[in-house]
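> Quick one, structure for this:
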Amino acid sequence: MIFTLFPCISLYFYRIEISIEKAFILQTKRIEYRSIELFKERYDELYFNSSIYRQIELSRFRQIDK
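Residues are numbered from 1 along each chain as shown. Predicted structure coming up:
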């Protein structure tokens, strides 16, 4: 009886191990994707703020020139 159950038990734990590895990989990919998205958001925000700053500076120079 033990010999017939051993392969089933072994496969059961193997499947659990594989599912844990898959979950870990998916979680890692989600974290990487989220960090990339956050980087893009921060970069866009910095670019947006710098472009607003440039527009303000240009408008100041134009007012001074007038």
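
> all strands for this protein, in order.
With DSSP state E as the criterion, the chain has no strands.

> Sketch out the low-pLDDT regions of it for me.
1-8, 52, 58, 61-66 (pLDDT under 70).

> Find the residue at the geometric middle of it.
residue 34 (1.9 Å; C-alpha atoms, centre = their mean).

> From residue 40, how far out is that one?
Relative to residue 40, residue 34 is positioned 11 Å away (C-beta to C-beta, to the nearest Å). From N, CA and C alone the C-beta is placed, and that goes for glycine too.

> and residue 26, how many residues sit next to it?
As a burial measure, residue 26 scores 10 neighbours (other C-beta atoms under 10 Å).

> no wait, residue 45
Neighbours of residue 45 (other C-beta under 10 Å): 10.

> and stretch 17-28, how far from the chain's centre?
16 Å (C-alpha atoms, centre = their mean, to the nearest Å).
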